[in-house]
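> For reference, the sequence and a predicted model appear below.
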6 protein chains.
Amino acid sequence: MRRAACPGSFDPVTNGHLDVIARVSGLFDEVTVVVGINKSKDRLFSVDERLQMLTEATASYPNVRVDTFQGLLVDYCRANQIAVIVKGLRAVTDFDYELQMAQMNAGLAGIETMFMATNNMYSFLSSSLVKEVAMYGGDVSGLVPALVLDRLTAKLGRN
Amino acid sequence: MRRAACPGSFDPVTNGHLDVIARVSGLFDEVTVVVGINKSKDRLFSVDERLQMLTEATASYPNVRVDTFQGLLVDYCRANQIAVIVKGLRAVTDFDYELQMAQMNAGLAGIETMFMATNNMYSFLSSSLVKEVAMYGGDVSGLVPALVLDRLTAKLGRN
Amino acid sequence: MRRAACPGSFDPVTNGHLDVIARVSGLFDEVTVVVGINKSKDRLFSVDERLQMLTEATASYPNVRVDTFQGLLVDYCRANQIAVIVKGLRAVTDFDYELQMAQMNAGLAGIETMFMATNNMYSFLSSSLVKEVAMYGGDVSGLVPALVLDRLTAKLGRN
Amino acid sequence: MRRAACPGSFDPVTNGHLDVIARVSGLFDEVTVVVGINKSKDRLFSVDERLQMLTEATASYPNVRVDTFQGLLVDYCRANQIAVIVKGLRAVTDFDYELQMAQMNAGLAGIETMFMATNNMYSFLSSSLVKEVAMYGGDVSGLVPALVLDRLTAKLGRN
Amino acid sequence: MRRAACPGSFDPVTNGHLDVIARVSGLFDEVTVVVGINKSKDRLFSVDERLQMLTEATASYPNVRVDTFQGLLVDYCRANQIAVIVKGLRAVTDFDYELQMAQMNAGLAGIETMFMATNNMYSFLSSSLVKEVAMYGGDVSGLVPALVLDRLTAKLGRN
Amino acid sequence: MRRAACPGSFDPVTNGHLDVIARVSGLFDEVTVVVGINKSKDRLFSVDERLQMLTEATASYPNVRVDTFQGLLVDYCRANQIAVIVKGLRAVTDFDYELQMAQMNAGLAGIETMFMATNNMYSFLSSSLVKEVAMYGGDVSGLVPALVLDRLTAKLGRN
């Protein structure tokens, strides 16, 4: 069985993330979307909220699972027989850091990393831009799924 | 069956190419190394020579095939039930052009493109550098497999 | 009167070019689309054909003119009271060369250069990719206006 | 009337900013220099101090106004009939993030963004470098206008 | 006497740093490895610990000295008759910021900056990645000298 | 004796090249400016003309020599006891290719490569831009030394 992992913080999941997850689900037998737990960083949504949004948003893909990890991603992958990490890339400057991480992960643990170009419809899209725009009352309805939009509105106290 | 294509001109195949091909062969059920035939470009080795070197150099991977294509790579992929193109990347500036090609291929034909970081031992390595160094009598024995080294020496008339 | 120039080779004009021209026409009083004549480069379409396609494709914008230039673009701009050159950019690596040209043009002649991000729908699009795809019978109908598609088909002898 | 906005934090305004503002003032009928108010970030100068420095430093350009904005810049632009945001760019890596913001602003609100190359005399210059150098007693007299130099000296308690 | 400085925070020194220091020591008469003291940043090792690790790790190079600096690096260089700062670079995105600093340092104080490509064996390596991996119990024994490994283990309370 | 090489095609030498050569001459005991002889490329000036212009333009630096090389630069360096190649860089995209060459040269022959930021006054400047501008009658008097300007004028048949 060929397994891939799609890691991220997904705070919250966007249409750009979902586009990558859907495409990866067509290329591997099982895809695990893994939410990294990193206590030192401020997040808008709790880990549980992020897992729940991801689970709902990927419900139509039978070979997509959702999980969390703590510590090193490569340790998680080895423990779960996942051979490859897949990342969506929006821009060139992303790639440089990611390439370093990929070489480190291959060197440390033999886990491969593959990159996919984000659909250009979403090339400007990131969780932090979504939060910044939503916080000031901007319209993000085309950028996240409806179930995320509802929670963003509730969380930020706006209509 | 999950099939991937590794396209290139492979003039000649280097240890960097072989590193990527070996890693891809572990991630998909079948990998086709495809040599693009482009009459307008000058090549050192003929298409037949390049196919033969690739076939010998990948002989130990039972799920790796070697083939040629003419025209659009995405047409070749569709005709051969190949869902994904895999490319090794050596450097950031590569990525930008490749990302445009990937978006075009996805838009034209629904063929995905995935990128893998070249092993950093080979990050400086390219077919054209190998040829340039060999032409001036430099030592390329660590950069290409022995079977390529022999043909380079024969072709360039040096010992 | 505030005048801008949109220079290029437009061999042929694409939907990406037209998106930039349309947006620039909303920001300045007059926009001149200028086709650079450079005898040393191979082109698919003659200068006259390119001018004709541009003229037809921009007919709905009353403040857009089409012209040719030879020599230095900054000399053309000074002779035509054009204060600013506007360029669409598809990707980061474009920018570096363009920034050098912009500094040179400002230093030589006091002509400013401004850059606009290409609409991300067209971020993978270029005249040379259009020609390459069309040459192999790929479908470019979403990438160029209908009047260009007809001429590409006629020129390349395909249906 | 053709209006442009030059946004920034201007903490403090440098000769690089002023070079861009002067050049933009020659290309549009009215230019508004807008200071973004972001309570979460530490600043050396208060918003009032930054406004005052900008007002004095741009006093010789009759079509330049100075203002503040809170929230989304595109909302400010729409409310003030400003069609285009102009940004100076010092380096390639700047551009990638800016291109994403530009695509987001165009998508959200139809506000265009144009980029200008910073004069290469100032390509190394930023407000944060000015502050870092001044804090350690380095000479920044060629990097900021005299009126800013006086306030920096007063603020940092040095002669 | 031709003197060079290799500045950094070295928290802790890695095999990548040592590779650069060794190569620079062959190109200049005296090399000073300088640890910048910056109170505002969190560090794992104290300045004294970092100096001690650097001193031990460079003991076999007779022309390498270790020192600290506070304030502007160019002031340190001038006070110590050091004509050139040498930096190792791992990746393209590094370079852009470094180029701005180099132009600033040359403009402020006439101190030159030279860059060397990091050995590609260490192109993925940084102090922060070492710390992150070690914190989660990953194996960093090939990435830092043994004397650093011991201190990392002691500091992080792991075996 | 510490020797450095500054390689290039210098067709013709510009003020940007001379700025780098002057700065390198202050950092090493002897600097050899080496003109690569590459028969396959079109050049405006012959090798002899380029050598003569370089010799005149660097006459005031007693530790600068001018020479030619054919074949691999690293072979030239080893034969002439030159330990380090120094290159000026104008822009980020330059660096990526150069970094690959540097790693190749270090791997093949143990010759180090160091990079210096071009003075930002000359960051837009290249031999090919100078030739293009001069060919169309543009003013390049601030971009090349007077002795090069005379030869350009003579060569291109203009006053």
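That came in fine, so what should we check first?
> Any idea which helix or strand in chain A has the lowest mean pLDDT?
helix A:92-109 (a mean of 75; mean pLDDT, DSSP states H and E).
> next one: that one to chain centre, how far?
17 Å (CA atoms, centre = their mean, to the nearest Å).
> and if you look at stretch A:77-88?
13 Å.
> which residue ranges form the helices in chain A?
Under the criterion DSSP state H, chain A contains helices at A:15-25, A:47-57, A:73-79, A:92-109, A:127-135, A:146-156.
> Quickly, which of those bottoms out on average pLDDT?
Note on the helices of chain A: helix A:92-109 shows the lowest mean pLDDT, a mean of 75.
> That one vs chain F: in contact?
No: against chain F, helix A:92-109 shows no contacts by CB under 8 Å from any CB of the partner chain, the least distance being 9.9 Å. Every residue, glycine included, has its C-beta placed from N, CA and C.
> so does that helix get close to chain E?
Yes: contact of helix A:92-109 with chain E (CB under 8 Å from any CB) involves A:93, A:96, A:97, A:99, A:100, A:101, A:103, A:104, A:107, A:108.
> count of residues packed around the third one?
Counted with other CB atoms under 10 Å in any protein chain shown, the neighbours of residue A:97 add up to 11.
> how close does it sit to chain F?
Note on residue A:97: its distance to chain F, by CB to the nearest CB, to the nearest Å, is 15 Å.
> where's that residue relative to residue C:123, distance?
From residue A:97 over to residue C:123 the distance is 21 Å, taken as CB to CB, to the nearest Å.
> Show me which residues of stretch A:78-86 are buried.
Using 16 or more other CB atoms under 10 Å in any protein chain shown as the test for burial, stretch A:78-86 gives A:82, A:83, A:84, A:85, A:86.
> and what of stretch A:124-143?
Neighbour-count burial for stretch A:124-143, counted by 16+ other CB under 10 Å, picks out A:124, A:125, A:126, A:127, A:129, A:130, A:131, A:133, A:134, A:138, A:140, A:143.
> Need the residues that contact that stretch.
For stretch A:124-143, contacts defined as CB atoms under 8 Å, 6 or more residues apart in numbering or on different chains pick out A:9-16, A:44, A:90, A:118, A:122, A:144, A:149, A:152-153, A:156, A:158, C:120, D:71-72, D:74-75, D:99-101, D:103-104, D:107-108.
> Kindly recompute the last result at 7 Å.
The contact list for stretch A:124-143 (CB atoms under 7 Å, 6 or more residues apart in numbering or on different chains) reads A:11-12, A:14-16, A:44, A:144, A:149, A:152, A:156, A:158, C:120, D:71-72, D:100, D:103-104, D:108.
> swap in stretch A:76-84?
Applying CB under 7 Å, 6+ apart, the contact partners of stretch A:76-84 are A:2-5, A:32, A:34, A:69, A:85, A:109, A:111-112, A:114, B:26-27.
> Farthest-apart pair in those, please.
Maximum pairwise distance among those (CB to CB): 22.4 Å, between A:69 and B:26.
> Specify which residue of the two has the higher count of neighbours.
residue A:69 (18 against 14).
> nearest spatial neighbour of the more buried one, skipping sequence neighbours?
Closest residue in space to residue A:69, ignoring its immediate chain neighbours: residue A:76 at 4.0 Å, by CB to CB, 6 or more residues apart in numbering or on different chains.
> Next, the contact list for residue A:122, please.
A:15, A:16, A:19.
> One more pass at 8 Å, please.
The contact partners of residue A:122, taken as CB under 8 Å, 6+ apart, are A:14, A:15, A:16, A:19, A:90, A:143.
> The closest residue to the fourth one other than its chain neighbours: neighbouring residues, count only.
So that's residue A:19. Excluding its sequence neighbours, the residue lying closest to residue A:19 (CB to CB, 6+ apart) is residue A:119, at 4.7 Å. Residue A:119 has 20 neighbours, counted by other CB under 10 Å.
> Correct me if wrong: residue A:56 contacts residue A:147.
Yes: with contact defined as CB atoms under 8 Å, residue A:56 counts as touching residue A:147 (5.2 Å).
> which non-adjacent residue is nearest residue A:122?
Computed as CB to CB, 6+ apart, the closest residue to residue A:122 that is not its neighbour in sequence is residue A:16, at 3.4 Å.
> Who are the contact partners of the one you found?
A:88, A:90, A:118, A:119, A:122, A:125, A:126, A:143.
> Distance of it relative to chain E?
Computed as CB to the nearest CB, the residue A:16 to chain E distance reads 22 Å.
> From chain B, how far off is that residue?
Between residue A:16 and chain B the computed distance is 13 Å (CB to the nearest CB).
> gap between that residue and chain D?
When distance is defined by CB to the nearest CB, residue A:16 is 11 Å away from chain D.
> now swap in residue A:110 and tell me
Separation of residue A:110 from chain D (CB to the nearest CB): 31 Å.
> can you list the residues of chain A near chain B?
For chain A, the residues in contact with chain B (CB under 8 Å from any CB) are A:2, A:23, A:26-29, A:83-84, A:86, A:89, A:92, A:95-96, A:99, A:102-103, A:106, A:112-117, A:119-120.
> Try it again at 7 Å.
Contact residues, chain A versus chain B (CB under 7 Å from any CB of the partner chain): A:2, A:23, A:26-27, A:83-84, A:92, A:95-96, A:99, A:102-103, A:112-117, A:120.
> What's the local residue count around the residue nearest to residue A:69?
Residues lying near residue A:76 (other CB under 10 Å) number 21.
> next one: residue A:4
Neighbour tally, residue A:4, other CB under 10 Å: 23.
> Not counting sequence-adjacent ones, nearest residue to it?
Once flanking residues are discounted, residue A:4 sits nearest to residue A:28: 4.2 Å by CB to CB, 6+ apart.
> measure the one you found to residue A:122 for me?
Distance from residue A:28 to residue A:122, counting by CB to CB: 21 Å.
> Between the contacts of stretch A:76-84, identify the one with the most neighbours.
Most surrounded of the contacts of stretch A:76-84: other CB under 10 Å gives residue A:5, at 28 neighbours.
> Pairing partners for it in the sheet, please.
The partner list for residue A:5 in beta bridges (DSSP bridges) reads residue A:32, residue A:85.
> didn't it look like it was pressed against residue A:36?
No: if you go by CB atoms under 7 Å, residue A:5 and residue A:36 don't touch, sitting 10.8 Å apart.
> hang on, the earlier thing: of the contacts of stretch A:76-84, which is the nearest to chain C?
Among the contacts of stretch A:76-84, residue A:114 lies closest to chain C (CB to the nearest CB), at 19.7 Å.
> Test of understanding: give the bridge partners of the nearest residue to that closest one once chain neighbours are set aside.
Nearest in space to residue A:114, with sequence neighbours left out and distances taken as CB to CB, 6+ apart, is residue B:114 at 4.2 Å. Residues in a beta bridge with residue B:114, per DSSP bridges, are residue A:116, residue B:86.
> For residue B:114, give its distance to chain E.
From residue B:114 over to chain E the distance is 20 Å, taken as CB to the nearest CB.
> residues near residue A:75, how many?
By the criterion of other CB under 10 Å, residue A:75 has 17 neighbours.
> ugh, wrong one, residue A:61
Per other CB under 10 Å, the neighbour tally for residue A:61 reads 16.
> which parts of stretch A:43-61 are buried?
Within stretch A:43-61, the residues that count as buried by 16+ other CB under 10 Å are A:43, A:44, A:45, A:47, A:49, A:50, A:51, A:53, A:54, A:57, A:58, A:61.
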